[in-house]
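Undergrad: mind looking at a prediction? Sequence and model below.
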Amino acid sequence: MPSNAHTEHEITFDGVPAGDLTATRPAAVARAEAGDTEILDAVYFDTPDHRLLRRGVTLRRRAGGHDAGWHLKLPGEHGGRREIGRPLRDGGTEEEIPQELSALACAYARGGPLEPVAHLLTHRRRVLWLDAKERPLAELAADHVAARVLDGAGTGTGTPAQPELSTWDETEVELVDGDAKLLDAAARKLTERGLHPADRGVKLARALRAAGLDVEPPRRTDVTGAGRTAEAVVAALRQHARRLIALDPDVRLDEPDAVHQMRVTARTLRSLLRACAPLFDTRRSDELAADLRWLGHELGGYRDPEALRERLVGQARELPADCGPRAAERKLRKLLDRRCRRAHRHLMTVMSSPRYFALLDRLEEFTADPPLRPGKRAGRGRAKSFLRHEARRTERRLRKALRQPVGEEQDEALHRARKAAKRTRYLAGALEPVVGAKAERLEARHKKIHKRLGAHQDARGAEQALGELARLDGTRPGEAFAFGVLRARQRDASPAHIAAARRAAGL
């Protein structure tokens, strides 16, 4: 996460406490200190049909107060909201959204145009809650808000907004260094003071509702009653779909390991769709699985050189002194950094394409209203059947690979066995709530197979890449010699990895 970003945890209540605000504090707060009163002038941006808000995202430009600037708030993967800020330019009056924030929001906007949709003025009284050591725990803000939905803002369906000014009072408590227990205590204290939790915690949602635009988040079909296996698979698909979309901004920011995690998430979703295909409408599940395969391939275009860089730069440091380890490390980093930058630029083009946005739409629609086949409820027996089928498939592929002579044909066969083990691993993780300890053991076993065969595959990829790098124009003889030594070492650990995969499979 960039340095000007943080995770926001807050609660919002209708109304403000009567009397002295510093008197409203939980027992865990040693002292309440009144802060400055602020006038906050904010303009919110969204697509005409409010795609950001529907997906829990807000983008605003705010002047006044102690944190003036552009603020993009995204759903957090583990609760709360991630807030990414940028400073104002030209005295805070510009309407051009900073390019980076626009890019970070584009997956939620699905490429739609972002424009001003509401103007809010807030009179804020602030109180800082401190512990016994004068450390800030949380901030209480009592707000009087006046809001106007801007001309042209609507539902995207031709329904015009009512432009009248709306006003309301609300109280927010946002954590600074406090924990979730403090928010719970704050909620109890505000309830004691006669306040009630706000139906809409986001100011923009409240402003739109007052103007006759009730923007609802996407609804999810209740699959209770479809059977324990179907319920568990749908829950897993929903969890991983949320994670994939939440990782989009991290990938755009080129955060460490973000591409890898997004690729794993896409592969997990595809594995579940393939392994549990009998549960769903064939056409829709096949279309989504094909899209996820495409995305995984595109993410691999960046992840492969990234993983290669991590592997080879570390190995170069350990070369003997007569191999020139420092020169080899510098050269590898330079060459592979260049590949990563080029791959990331291509990935950003892919992730701003209509096909990518269509994939996200299809994923959201599929998980919100899964096309389960009618008929018999998918209970525990179906879960065991799915797991048994995938485990046997992995075993068959691994046996076949182990019978092959060492070489390219065996490498290809081991790669197919690795993919089967990966699918079994992901399926077992999803079905653990249904099958229990047996699924947990199956997941652990196939994780070992997956990891060991993956290490073997990584060595093969590194061996091939080092040969190519040694032949590049500009590679000096000493560097090429070091690359040759590294290349020869790639196969050293392979027999041990293959033997460990065999043992994990019980073969």
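TA: Structure received.

Undergrad: so, low pLDDT: which residues of this structure?
TA: Applying pLDDT under 70 to the chain flags residues 1-4, 77-79, 90-94, 152-163.

Undergrad: mind giving me the domain split of it?
TA: The chain breaks down into these domains under automatic domain parsing: 5-210, 228-505.

Undergrad: start to end distance for the shortest one?
TA: In domain 5-210, first residue to last residue: 31 Å (Cα to Cα, to the nearest Å).

Undergrad: chain center to that domain, what's the gap?
TA: Put simply, domain 5-210 sits 22 Å off its chain's centre (Cα atoms, centre = their mean, to the nearest Å).

Undergrad: try the longest one
TA: The chain centre lies 17 Å from the centre of domain 228-505; the measure is Cα atoms, centre = their mean.

Undergrad: contacting residues around residue 311?
TA: Residues touching residue 311, when contacts are defined by Cβ atoms under 8 Å, 6 or more residues apart in numbering, comprise 458, 462. Backbone N, C-alpha and C define where each C-beta goes, glycine included.

Undergrad: wait, residue 203
TA: When contacts are counted by Cβ under 8 Å, 6+ apart, residue 203 touches 42, 44, 120, 122, 145, 147, 170.

Undergrad: now do residue 265
TA: Neighbour list for residue 265: 240, 243, 244, 247 [criterion: Cβ under 8 Å, 6+ apart].

Undergrad: and the lengthiest helix in the chain, which residues are buried?
TA: Across the chain, the helix with the greatest residue count (assigned by DSSP state H) is helix 282-317. Within helix 282-317, the residues that qualify as buried by neighbour count (16 or more other Cβ atoms under 10 Å) are 285, 288-289, 291-292, 295-296, 298-309, 311-313, 315-316.

Undergrad: sitting in strands, which of the contacts of residue 203 do you find?
TA: With DSSP state E as the criterion, strands contain 42, 44, 120, 122, 145, 147, 170 from among those.

Undergrad: the closest residue in space to the last one that isn't next to it in sequence in helix, strand or coil?
TA: By that I understand residue 170. Residue nearest to residue 170 in three dimensions, not counting chain neighbours: residue 143, with 5.3 Å by Cβ to Cβ, 6 or more residues apart in numbering. Each residue gets one of three states, and residue 143 gets strand by DSSP: H, G, I helix; E, B strand; the rest coil.

Undergrad: gap between residue 143 and residue 174?
TA: 12 Å (Cβ to Cβ, to the nearest Å).

Undergrad: the two - which one has more neighbours?
TA: residue 143 (20 against 17; other Cβ atoms under 10 Å).

Undergrad: for the contacts of residue 203, which entry has the maximal number of neighbours?
TA: Of these, residue 44 is surrounded by the most neighbours, 27 neighbours in total, counting by other Cβ under 10 Å.

Undergrad: bridging residues for that one?
TA: Here residue 44 sits in beta bridges with residue 60, residue 118, going by DSSP bridges.

Undergrad: shouldn't it be in contact with residue 204?
TA: Yes - using Cβ atoms under 8 Å, residue 44 and residue 204 qualify as a contacting pair, with a distance of 4.7 Å.

Undergrad: the helices in the stretch 351-500 of the chain, which residues?
TA: Per DSSP state H, counting those that start in this stretch, the stretch 351-500 of the chain has helices spanning 354-368, 380-402, 408-435, 437-470, 477-489, 494-505. These are given in chain order.

Undergrad: swap in the stretch 151-300 of the chain?
TA: Using DSSP H, counting those that start in this stretch, the helices assigned to the stretch 151-300 of the chain run over residues 180-192, 203-210, 228-252, 258-275, 282-317.

Undergrad: that older thread, list the residues that contact both of residue 44 and residue 204?
TA: With contacts defined as Cβ under 8 Å, 6+ apart, the residues shared by residue 44 and residue 204 are 58, 60, 117, 118, 120.

Undergrad: surely the third one touches residue 46?
TA: The one in question is residue 117. Yes - under the criterion of Cβ under 8 Å, residue 117 makes contact with residue 46 at 4.7 Å.

Undergrad: distance to residue 342 and mean neighbour count added to the helices of the stretch 351-500 of the chain, as a markdown table?
TA: As requested, the helices of the stretch 351-500 of the chain are exported to a markdown table (distance: least, Cβ to Cβ, whole Å; neighbours: other Cβ atoms under 10 Å):
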| stretch | distance to residue 342 | mean neighbour count |
| --- | --- | --- |
| helix 354-368 | 19 | 17 |
| helix 380-402 | 34 | 18 |
| helix 408-435 | 25 | 21 |
| helix 437-470 | 15 | 18 |
| helix 477-489 | 20 | 18 |
| helix 494-505 | 30 | 17 |
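
Undergrad: got JSON lines for those, with distance to residue 109 too?
TA: Supplementary listing: these in JSON lines, determined by distance: least, Cβ to Cβ, whole Å:
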{"stretch": "helix 354-368", "distance to residue 109": "9"}
{"stretch": "helix 380-402", "distance to residue 109": "37"}
{"stretch": "helix 408-435", "distance to residue 109": "30"}
{"stretch": "helix 437-470", "distance to residue 109": "36"}
{"stretch": "helix 477-489", "distance to residue 109": "45"}
{"stretch": "helix 494-505", "distance to residue 109": "44"}
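
Undergrad: tell me which of those sits nearest to residue 104.
TA: Using Cβ to Cβ as the criterion, the shortest distance between residue 104 and those is 14.4 Å, found for helix 354-368.

Undergrad: residues in contact with the closest one?
TA: By Cβ under 8 Å, 6+ apart, the residues outside helix 354-368 that reach it are 107, 110-111, 218-221, 234, 237-238, 241, 244-245, 269, 284-285, 287-288, 291-292, 294-295, 350.
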